[in-house]
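>>> Quick one: sequence and predicted model below, then my questions.
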Amino acid sequence: MTSRGFFSAFDDVWLLDGVRTPMVDYCGALGHVSPTDMGIKAARAALARAGVAGDDIGSVVAGNMAPGDFDQFCLPRHVGLYAGVPMQVPAIMVQRICGTGFELFRQAGEHVQGGACDAALVVGTESMTRNPIASFEHRTGFKLGAPVGFKDFMWEALKDPAPGINMIQTAENLARKYGITREEVDQFASDSFAKAVAAQQSGFHAGEIVPVVTEKFELEGYHPRGIRLSGKVTEVNADTHARPSPVEVLAKLKPVYEGGVQTGGNSSALVDAAAAAIVASGDYARAWTKRQGRKPLGRVVAAAAVGVPPEIMGIGPAPAIRLLLARTGLTLNQIDRLEINEAQGAQTLAVARELGLDLARLNVNGGAIALGHPLAATGVRLTVTLAREMKRAQVRYGISSACVGGGQGIALLIENPEVA
């Protein structure tokens, strides 16, 4: 695969800490919550967990794909303001589809390294439930007898009109290209569920989750915002999709396409969630360490993004990781942990085969098949999970990565300061 693309290296940029909401199944307890409010919740929690004052933040970099309400244009600004960031600090919306969360780190790293700020607030938030039923055809009215063009935004967005196929079909293309069987995909999915359940039971995932309750977010001089959970739920404190999923159970599910390998059980789950992190300069991080008495979660070493053919978009992490390694002078053998988004089981297995990757180092606490893929939040979640796992395992280097609809791949290289 080609290594053409772009590469960003960071000399002294740090991930201080990060946190996320639980990832809650589609139409669940977070189903009526605006992505803006989920983002505010995660942002406030990240600042509190890191022990960073809102006044110290000099840039807000936020991501959200599908509009969850009519406030989306203001989402980054409102997340920053209601999280306590000074009025004078600007905010920006970032969009690289499934790679958005990684792009947040890349852009925040450039803000910090370029001297625009000492610390940046990174927030990815996504409500899959609140993807709208939309029409782009009726501004001039409804003509008698003409088709009414309202469609499911999320379902239609899964289609790439360039090759004329959807994201699941791109995974089927990779399954054929790499000779990946239904049995292999189901086994991979079953393992993802088992690892996620084990990580829940051990308390690992709880270590990065902020519980979500019904609450109000006040901002002096402005209208309050807030979260109201659905139904009779008073608190959500754990991911809801992870469950024991034996291969025998997964094997009974019908494929999405006749003769294909992808099913509802071995593809990423639809969930609502937000994740946030604090990215800072070396000087700020060293002062923070003295103040907090602990080291940052990790050093953000480099980022790489590439393009691939749209019809096999899922292979994107492979050339992105290769470019990352080539430009940093590392080998895959030096990367002890990898988090690669499990958009579809066959897609992730194809990346592993292309790279010759040892699956024992991949998604060791479960992946998106078991936990879910809240588009713009995914890259932040994966990177925070990766950095925490690297500390637990006491390993030096890790990579988080994802494929991107339309034919891209993106990857981040993280270093553990405790073993560097």
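Ah, there it is.
>>> ok, the residue most central in space within the chain to Leu324 distance?
Centrality entry for the chain: nearest residue to the mean C-alpha point is Thr378, 1.0 Å, by CA atoms, centre = their mean. For Thr378, the distance to Leu324 equals 18 Å [CB to CB, to the nearest Å]. Yep, even glycine has a C-beta here, placed from its N, CA and C like the rest.
>>> cool, Glu215 as well?
Counting by CB to CB, the gap from Glu215 to Leu324 is 40 Å.
>>> what do you get for Lys232?
Distance from Lys232 to Leu324, by CB to CB: 47 Å.
>>> Compare those two and say which is more crowded by neighbours.
Neighbour totals were compared for Lys232 and Leu324, and Leu324 leads with 29 against 6 (other CB atoms under 10 Å).
>>> quick one: contacts for the more buried one?
Residues counted as contacts of Leu324 (CB atoms under 8 Å, 6 or more residues apart in numbering) are 7, 302-304, 399, 411-413.
>>> Next, the buried residues of the lengthiest helix in the chain.
The helix spanning the most residues in the chain, taking DSSP state H as the definition, is helix 182-202. Within helix 182-202, the residues that count as buried by 16 or more other CB atoms under 10 Å are 182, 184-197, 199-200.
>>> next one: stretch 153-172
Across stretch 153-172, burial judged by 16+ other CB under 10 Å covers 153-154, 157, 160, 163, 165-172.
>>> ok, so of these, who is nearest Ala320?
Nearest to Ala320 among these, counting by CB to CB, is Thr170 at 16.0 Å.
>>> Where does that closest one sit, in terms of helix or strand?
Per DSSP states H and E, Thr170 falls inside helix 167-178.
>>> what are the C-alpha coordinates of that helix, in PDB please?
As requested, the backbone C-alpha atoms of helix 167-178 are provided in PDB (Å, rounded to 0.1, in the frame of the first residue of the first chain):
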ATOM      1  CA  MET A 167     -19.600   0.900   4.300                       C
ATOM      2  CA  ILE A 168     -20.500  -2.700   5.000                       C
ATOM      3  CA  GLN A 169     -20.000  -3.500   1.300                       C
ATOM      4  CA  THR A 170     -16.500  -2.100   1.500                       C
ATOM      5  CA  ALA A 171     -15.800  -4.600   4.300                       C
ATOM      6  CA  GLU A 172     -17.100  -7.400   2.100                       C
ATOM      7  CA  ASN A 173     -14.700  -6.300  -0.600                       C
ATOM      8  CA  LEU A 174     -11.900  -6.600   1.900                       C
ATOM      9  CA  ALA A 175     -13.100 -10.000   3.000                       C
ATOM     10  CA  ARG A 176     -12.900 -11.300  -0.600                       C
ATOM     11  CA  LYS A 177      -9.500  -9.600  -1.200                       C
ATOM     12  CA  TYR A 178      -7.900 -11.100   1.900                       C
END
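>>> Most remote residue from the middle of this protein, which is it?
Seen from the C-alpha centroid of the chain, the residue lying at the greatest distance (CA atoms, centre = their mean) is Leu144, 43.9 Å away.
>>> That one: what secondary structure?
Following DSSP: H, G, I helix; E, B strand; the rest coil, Leu144 is assigned to coil.
>>> what's it in contact with, if anything?
Under the criterion of CB under 8 Å, 6+ apart, the contact list for Leu144 is empty.
>>> With Gln113 instead?
The contact partners of Gln113, by CB under 8 Å, 6+ apart, come to 10-13, 281.
>>> Name all residues that make contact with the closest residue to Ile321 other than its chain neighbours.
Spatially, and ignoring its direct neighbours in sequence, Ile321 is nearest to Ala411 (4.9 Å; CB to CB, 6 or more residues apart in numbering). Listed by CB under 8 Å, 6+ apart, the contact set of Ala411 reads 102, 303-305, 317, 320-321, 323-324, 399-401.
>>> thinking again about what came up before, quick check: the gap between the residue nearest to the centre of the chain and Glu110.
21 Å.
>>> same deal with Ile278?
Relative to Glu110, and taking CB to CB, Ile278 is found at 16 Å.
>>> Now find how far off-centre the host helix or strand of the residue nearest to the centre of the chain is within its chain.
Using DSSP H and E, Thr378 falls within helix 375-393. Mean-position distance between helix 375-393 and its chain equals 9 Å (CA atoms, centre = their mean, to the nearest Å).
>>> What residues of it count as buried?
375-391.
>>> try stretch 297-311
Within stretch 297-311, the residues scored as buried using 16+ other CB under 10 Å are 297-308, 310-311.
>>> now the strands for the stretch 201-350 of the chain?
Counting by DSSP state E, counting those that start in this stretch, the stretch 201-350 of the chain has these strands, from start to end: 212-213, 215-217, 225-227, 235-236, 271-281, 298-307, 337-340.
>>> To Ala242, which of those strands lies closest?
Among the strands of the stretch 201-350 of the chain, if distance is taken as CB to CB, the winner is strand 271-281, at 10.5 Å.
>>> Sheet-wise, list the partners of the closest one with their directions.
Here strand 271-281 is paired, per DSSP bridges, with strand 13-20 (antiparallel), strand 24-25 (antiparallel), strand 119-127 (antiparallel).
>>> Quick one: distance of the first one to the chain centre.
Averaging C-alpha coordinates over strand 13-20 and over its chain gives two centres that are 14 Å apart (CA atoms, centre = their mean).
>>> quick one: it to strand 298-307, angle?
Calculated by axes from the mean of the first three to the mean of the last three CA atoms, to 10 degrees, strand 13-20 forms an angle of 90 degrees with strand 298-307.
>>> Could you list which residues are in contact with Asp71?
34, 36, 78.
>>> how about the strands in the stretch 1-150 of the chain?
If DSSP E, counting those that start in this stretch is used as the criterion, the strands of the stretch 1-150 of the chain fall at 5-9, 13-20, 24-25, 59-63, 91-94, 119-127, 133-134.
>>> Make JSON lines out of those and add distance to Asn266.
Listed next are the strands of the stretch 1-150 of the chain as JSON lines, based on distance: least, CB to CB, whole Å:
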{"stretch": "strand 5-9", "distance to Asn266": "29"}
{"stretch": "strand 13-20", "distance to Asn266": "24"}
{"stretch": "strand 24-25", "distance to Asn266": "17"}
{"stretch": "strand 59-63", "distance to Asn266": "26"}
{"stretch": "strand 91-94", "distance to Asn266": "30"}
{"stretch": "strand 119-127", "distance to Asn266": "21"}
{"stretch": "strand 133-134", "distance to Asn266": "28"}
